[in-house]
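> here is a sequence with its predicted model. Questions after.
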Amino acid sequence: MRSREYDLDFRDRAGRIRAWGIGLLAVATLQWAWCALLLLTPYEVDQEPDDRHPAECESRLLTDRGTANEGVQRRDWCQNERDWPEALAVLGLSVPVSVVGVALFTSGSTSLRMSAHAEAMRELDKLADARTT
């Protein structure tokens, strides 16, 4: 394989690695958005199956009353609907996804830049050789 063909193949692989990194970072962003949705939005809970008037609950994070955290003692149905472990699990899963995404994006971007730099150096060497001959 000639050096130009190898370089083009190298850049293609680096571009795919970078695209995978961007994809994984997008997945991590969606996980963060899901965690924020679970923690910051108010929600409704059915007290019975097919309840016509569900109980309205405050968000888990921004509550003034104890509806989200002290509901079991007061027979409030909001307590068990959105648990902290679910939100923290989503947040915990986003960490390895984002770390791998950053690593792939950085590796792909660095490879592309190094390939462009090597090509520029080859072109400068060709120009320097042409001047000396």
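Here it is on my side, so go on.
> residue boundaries of the helices in the protein?
Here the chain has its helices, by DSSP state H, at 3-40, 84-132.
> from the contact counts, what lies against the shortest one?
The reference is to helix 3-40. Counting contacts by 3 or more Cβ pairs under 8 Å, 6 or more residues apart in numbering; DSSP states H and E, helix 3-40 packs against helix 84-132. Where C-beta positions appear, they are placed from N, C-alpha and C, glycine not excepted.
> what mean pLDDT does the helix it packs on have?
Helix 84-132 shows a mean pLDDT of 90.
> all numbers from here: first residue = 301
I'll keep to 301 as the first residue from here, and by that count the last item is helix 384-432.
> counting by contacts, list what it packs against.
On a contact count with 3+ Cβ pairs under 8 Å, 6+ apart, helix 384-432 meets helix 303-340.
> distance of the closest residue to Glu386 other than its chain neighbours from Ala326?
Leaving aside its sequence neighbours, Glu386 sits nearest to Leu338 (Cβ to Cβ, 6 or more residues apart in numbering; 6.5 Å). Distance, Leu338 to Ala326, by Cβ to Cβ, to the nearest Å: 19 Å.
> with Glu344 instead?
From Glu344 to Ala326 the distance is 30 Å (Cβ to Cβ).
> what sits against the residue nearest the centre of the chain?
Central residue of the chain (Cα atoms, centre = their mean): Ala328, 1.8 Å from the mean position. For Ala328, the contact set (Cβ atoms under 8 Å, 6 or more residues apart in numbering) comprises Ser394, Val397, Ser398, Gly401.
> between Leu338 and Ala326, which one's more packed in?
Leu338 (20 against 12; other Cβ atoms under 10 Å).
> count of neighbours near the residue lying closest to Arg311 once chain neighbours are set aside?
Residue nearest to Arg311 in three dimensions, not counting chain neighbours: Ser415, with 5.2 Å by Cβ to Cβ, 6+ apart. Residue crowding around Ser415 was assessed by other Cβ under 10 Å; the count is 16.
> ditto for Ala430
Ala430 has 8 nearby residues by other Cβ under 10 Å.
> roughly how far apart are it and Arg304?
Here the criterion is Cβ to Cβ. By it, Ala430 lies 18 Å from Arg304.
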